[in-house]
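Peer 1: The sequence and its predicted three-dimensional model are supplied below.
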Amino acid sequence: MTLCFGLAAVSDLNRPAPTQSRFSFLTLLALTAISLSGVQRVDAQAKPAPDELVLSDGDTLHGKLVSSADGKIIFHTDSLGDVTLAWDKVKELHTNGKFAVLDKNGNVLTKKEAAQIPLGTVEMSNQSITVHPANAPAIAPMPVGNAQYIVDEAALNQQLHHRPGFFAGWNGAATAGGSLVAATQNQYTFSGGLGIVRIVPTVTWLRPKNRTSAAFTGSFGKITEPAYTIPATPVSPEIFVPEVVTKSALFHAEVERDEYLTPRFYGLVQIAYDHNYAQNLDLQQIYGGGFGWTFLKTPKQEADVKGTIQYERRSFISGGSTEDNLIGSTFALDYVLHEKFMTFTQGIAFIPAYNDPSKYSANEINTFAFPVYKNFSFSVGTLDSYLNNPPDSLPPTQRNSFQFTMGLTYAFKSKY
C-alpha cells in the first residue's frame, strides 16, 4: 500500500495543476482576442466607409471619389473602375474621405493659398456642393459650375509638401515608324521621336514653378543599287558599274528649362542640336536663354511664344573647313490642340544671325495623332527646314528640306 501511494504521489507531482492549466488557456485566449480586435481596428481605419454617388436616373454607386476638374467627376468602383461623369448626370454625392474644393479661379493658387483651403467631407445635392470641415462650421454651398477642382487630402498634401524626384512627374509620347523595300533597289527608312515634359507642381490648380522639356525627332534611310556588269559587245568591252548608295539622315534634339515668374510668363535656357545630311549640315549647336509667354491656355489649347539670345555654331559635311560661329536668336511659336479624335502639335522657329544676316535658318514641325487603342495612336507628321546660304558643295546643296513621316505613337502620363 505504501508503495502504491508513493507512486501515485509522484504521478500527481508531475501532472500540471488543473487550475494552472485553465489559467494558461484562458490567458492565451484573451491575448488572441485582443490581438484580433487590434487587427480589426487597424483594418477599419485602413478601409473607411465608401463614398456614395447617386446618379440622375436613381442608380447608386459605392466606391471612392477620385477627383473633379473642368465640370467632370471621376468616381472609382471595384466593379467598374474609374467612371467619368458630367455633373449634370449626378443627383447626389456623399463622401467619407476629406476633400478640398477649389473655385473657378483656383488654377493660379500659390502653395500658401492652397494650404488655407477648407478640407472636409463633401456633399452634393441640388447641383450645389457643401464642404464639412472636421472642426469648423460647414462652408456655404457652392454651385457645381463654380467648383473648378475637387482634390482629395492625400493629393493636396503631396502637392503642398513634396515635389517629384527627377524620374517622376514626366508626361509625353514616343513614336516609331519604318519601311523596307527589297527589289532591284534595296531601300529602308526608320523614323522616330520622343517628347517629354514635366511641370512642377504637377497639377494645374497650383501656380507653376518650373517646366523641363526634352524632344528628339530623327530619321535614317538608305537606298542601295547593287553593282552590276554590262556585258561586252563586239564594239565595246565589258563595263563594271559599282554599287551606288544614297542615304538620308537628319535629327533634331533640344532641351529646355523654364522658370515661371508669373503663371504665364517665364525665363528659359535652351540647348538644341540639328543634323541634316540632305542639307550638308553636319551639326548645328545652339546655346541660348530668353523669355517665353503662354498667351493662350484652355483645357483644349495651349500656345507659347518665345525669344532668346544665343550662340550658334554650325559645321558642314563638305565644303572645306567651313564653320560658322554666329550670335543670333530663336523666335518660336509652340501650339497644342487636344480634340477627342485628334491631337495636333506645331512648332515654328525662325533663327536669325546678327553677325552675318545672310546665314539665317527656319524650321517647322507638325504632328497629327489619331487615337487607336488606349494609349496608342496613329501619327503623321512633317518636318520642314530651311538653311540659307550653305557653303558650296558638289552636288549643290538644296536650301530647303522636307520630310513626311508616319508611325505608331504611345502616350504616357505620370501618376505622381
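Peer 2: Received it, and whenever you're ready, just let me know what you need. Quick caveat, the model's predicted, so the values are computed rather than measured.
Peer 1: Next up, phi/psi of Asp59, please.
Peer 2: phi -70, psi 150 (degrees, to the nearest 10).
Peer 1: pLDDT at it, what is it?
Peer 2: According to the predicted model, the pLDDT of Asp59 comes to 91.
Peer 1: repeat for Gly381
Peer 2: Confidence score, pLDDT, at Gly381: 91.
Peer 1: Write down the beta-bridge partners of it, one by one.
Peer 2: For Gly381, the beta-bridge partners under DSSP bridges are Thr367, Thr405.
Peer 1: any idea how far it is from Gly177?
Peer 2: Between Gly381 and Gly177 the computed distance is 9 Å (Cβ to Cβ, to the nearest Å). Any C-beta I mention is one placed from the backbone N, CA and C, and that applies to glycine too.
Peer 1: Which neighbours do these two have in common?
Peer 2: Thr405, Met406 (Cβ atoms under 8 Å, 6 or more residues apart in numbering).
Peer 1: Is there a neighbour count for Ala168? I'd like the number.
Peer 2: Residues contacting Ala168 under the criterion other Cβ atoms under 10 Å number 12.
Peer 1: can you confirm it is in a strand?
Peer 2: No - secondary structure of Ala168 (DSSP: H, G, I helix; E, B strand; the rest coil): coil, not part of a strand.
Peer 1: so how far is Glu52 from the nearest residue to it once chain neighbours are set aside?
Peer 2: In this structure, Ala168 finds its nearest non-sequential neighbour in Tyr416, 4.9 Å apart by Cβ to Cβ, 6 or more residues apart in numbering. Plainly put, Tyr416 is 28 Å away from Glu52 if you go by Cβ to Cβ.
Peer 1: Surely His275 touches Phe251?
Peer 2: Yes - using Cβ atoms under 8 Å, His275 is in contact with Phe251, at 5.3 Å.
Peer 1: hey, where'd the helices end up in this protein?
Peer 2: When assigned using DSSP state H, the helices of the chain occupy the ranges 2-14, 18-46, 111-115, 153-161.
Peer 1: How many residues are close by Gln187?
Peer 2: The burial count for Gln187: 15, using other Cβ under 10 Å.
Peer 1: Phe404 versus that one, what's the distance?
Peer 2: Distance from Gln187 to Phe404, by Cβ to Cβ: 16 Å.
Peer 1: Contact partners for the residue nearest to the spatial centre of the chain?
Peer 2: By Cα atoms, centre = their mean, the chain has its centre lying nearest to Asn171, at 0.9 Å. The contact partners of Asn171, by Cβ under 8 Å, 6+ apart, come to Ile196, Val197, Arg198, Phe412, Lys413, Ser414.
Peer 1: wouldn't Ile317 be in contact with Leu283 here?
Peer 2: No - look at Ile317 against Leu283 with Cβ under 8 Å: they stay out of range, at 9.5 Å.
Peer 1: Pull the CA coordinates from stretch 385-399 and hand them back as PDB.
Peer 2: C-alpha atoms of stretch 385-399 as PDB (Å, rounded to 0.1, in the frame of the first residue of the first chain):
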ATOM      1  CA  SER A 385      13.700  73.100 -92.600                       C
ATOM      2  CA  TYR A 386      15.300  75.900 -94.400                       C
ATOM      3  CA  LEU A 387      19.000  76.800 -94.300                       C
ATOM      4  CA  ASN A 388      20.100  80.000 -96.100                       C
ATOM      5  CA  ASN A 389      23.500  80.500 -97.700                       C
ATOM      6  CA  PRO A 390      25.000  77.000 -97.100                       C
ATOM      7  CA  PRO A 391      28.700  76.500 -98.300                       C
ATOM      8  CA  ASP A 392      29.300  75.500-101.900                       C
ATOM      9  CA  SER A 393      29.500  71.700-102.400                       C
ATOM     10  CA  LEU A 394      29.000  69.100-105.100                       C
ATOM     11  CA  PRO A 395      26.300  68.200-105.800                       C
ATOM     12  CA  PRO A 396      24.900  71.600-104.900                       C
ATOM     13  CA  THR A 397      23.100  71.800-101.600                       C
ATOM     14  CA  GLN A 398      19.400  72.500-101.600                       C
ATOM     15  CA  ARG A 399      18.400  75.100 -99.100                       C
END
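Peer 1: Where does pLDDT dip in the stretch 51-200 of the chain?
Peer 2: Residue ranges of the stretch 51-200 of the chain with pLDDT under 70: 104-108.
Peer 1: just to revisit the earlier point, where among the helices of the chain is average confidence lowest?
Peer 2: Minimum mean pLDDT among the helices of the chain: helix 2-14, a mean of 36.
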